[in-house]
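[1] build me a model from this:
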Amino acid sequence: MRFSNFTSNYNPAVFGILLALLGVLILTPDTLVMRLSGLERWPLMGWRGILMGATLFFIWRLFPSQDRLQELRSLGSWQGILVVIAFGLNSITFTLGIAETSVIVVLTAVALMPLVAAMLSFFMLGEKQGWLGWLTIMLAMLGVVIVVMDGGNALGQPQGSVWLGAAYGLVTAFGLALTFTVTRKYPALSILPACALGSFLSGVVGFALSADGTIFIAPIWTIMVMGMLILPLSFTCLGIAPRYISSAIVSLMMLLEMVIGPFWVWLGIGERPTATMIGGSLFVLCVLMFHVVRTSRMSSSQP
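    Below you'll find the predicted structure:
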């Protein structure tokens, strides 16, 4: 069934909001399931990448297409290769970040994706940010620094480097922002198979670097839920939602992951951030909400 047929009897904006909300809610328990799997970073990356890539490709095949062969050919363009690399990179660095340090540190850094997209749009699309836009970026970075500086005091977190985990989160934000910015600039590029291929390649890297005997030690339900339900379904919903509502609204709703994701991990396994970390994360949330609302109003006021 085509989405256009479904939305013909309903408000497209409401449908888009519900679709984005569904995608975010599906995504929020991802980090908890990652912890429950008990896998080391490389086999965890392998399963997530391979299964997500295969499921995304299957979902893409389900959607009607006027020229599916042309969509596949678009992956061979430099834009397609760039998106494949960018999405594969963020798949790798997000897994490494969650394995390295506290969930709230990584998700707070990843939440800077709208601001990274704003910077990329400045260089790639010529969109001016103004002094208020650059001030927003600096304030958000300050909030991330507050979270990271107290990150070592979180209870139940992996004993890795907090700063390295935050750096992985920032690279993840860059990979996602680059993916969406390139897709926005080149609408002829088919995003779903590009993301599927990027995910699959990240999984190949993960399995290639996995030690013997570490790949099949996880509960099977955690592997299946991560790779075949949470990741592909959430990214499919979030990828379709901007067809019906602005990308700014989608970005605003994606901030729910930064709030709900650490809560699930706290509730599920007792990984508890400090009050300072929560305060810094909420500061980043407020700054990002201001940025998204401001840019949404600017876009709506333009002819």
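
[2] what helices or strands is the helix or strand hosting residue 91 leaning on?
    Assigned by DSSP states H and E, residue 91 belongs to helix 78-100. If contacts are counted by 3 or more Cβ pairs under 8 Å, 6 or more residues apart in numbering; DSSP states H and E, helix 78-100 sits against helix 30-37, helix 41-62, helix 103-110, helix 162-185, helix 191-208. Where you see a C-beta, it was placed from the backbone N, CA and C, and this is true even at glycine.

[3] tally of neighbours for residue 115?
    Residue 115: 26 surrounding residues under other Cβ atoms under 10 Å.

[4] next SSE downstream of the helix or strand containing it?
    Under the criterion of DSSP H and E, residue 115 resides in helix 113-124. Using DSSP H and E, the helix or strand that follows helix 113-124 in sequence is helix 130-149.

[5] what residues does that following helix touch?
    Applying Cβ atoms under 8 Å, 6 or more residues apart in numbering, the contact partners of helix 130-149 are 104-105, 108-109, 112, 115, 118-119, 129, 162-163, 166, 170, 276-277, 279-281, 283-284, 287-288, 290-291, 294-295.

[6] switch the cut-off to 6 Å
    For helix 130-149, contacts defined as Cβ atoms under 6 Å, 6 or more residues apart in numbering pick out 105, 108-109, 112, 115, 162, 166, 277, 280-281, 283-284, 287, 291.

[7] quick one: average confidence on it?
    In this model, helix 130-149 has an average pLDDT of 83.

[8] can you check stretch 191-206 too?
    Per-residue scores along stretch 191-206 average to 94.

[9] what does stretch 98-118 give?
    On average, stretch 98-118 scores 89.

[10] now the residue nearest to the spatial centre of the chain: how far from residue 266?
    The chain has residue 176 as the residue nearest its centroid, 6.1 Å off, counting by Cα atoms, centre = their mean. Computed as Cβ to Cβ, to the nearest Å, the residue 176 to residue 266 distance reads 24 Å.

[11] next: residue 134.
    Residue 134 is 34 Å from residue 266, by Cβ to Cβ.

[12] for residue 245, same thing?
    Distance of residue 245 to residue 266, given as Cβ to Cβ: 31 Å.

[13] same deal with residue 215?
    29 Å.

[14] same question for residue 65.
    For residue 65, the distance to residue 266 - Cβ to Cβ - is 42 Å.

[15] more crowded one of those two?
    Higher neighbour count among residue 65 and residue 266: residue 266, with 18 against 12, using other Cβ under 10 Å.

[16] can you pull the contacts of that one?
    By Cβ under 6 Å, 6+ apart, the neighbours of residue 266 are residue 272.

[17] could you look up the SS state of it?
    helix (DSSP: H, G, I helix; E, B strand; the rest coil).

[18] distance of it from residue 32?
    For residue 266, the distance to residue 32 equals 9 Å [Cβ to Cβ].

[19] again with residue 132
    36 Å.

[20] these two: which is more packed in?
    residue 32 (22 against 11).

[21] which strand or helix spans residue 216?
    Using DSSP H and E, residue 216 maps to neither a helix nor a strand.

[22] neighbours of residue 201, how many?
    Residue 201 - counted by other Cβ under 10 Å - has 20 other residues nearby.

[23] show me where the stretch 201-303 of the chain has its helices.
    Applying DSSP state H, counting those that start in this stretch to the stretch 201-303 of the chain gives helices spanning 220-225, 231-240, 247-254, 256-269, 275-301.
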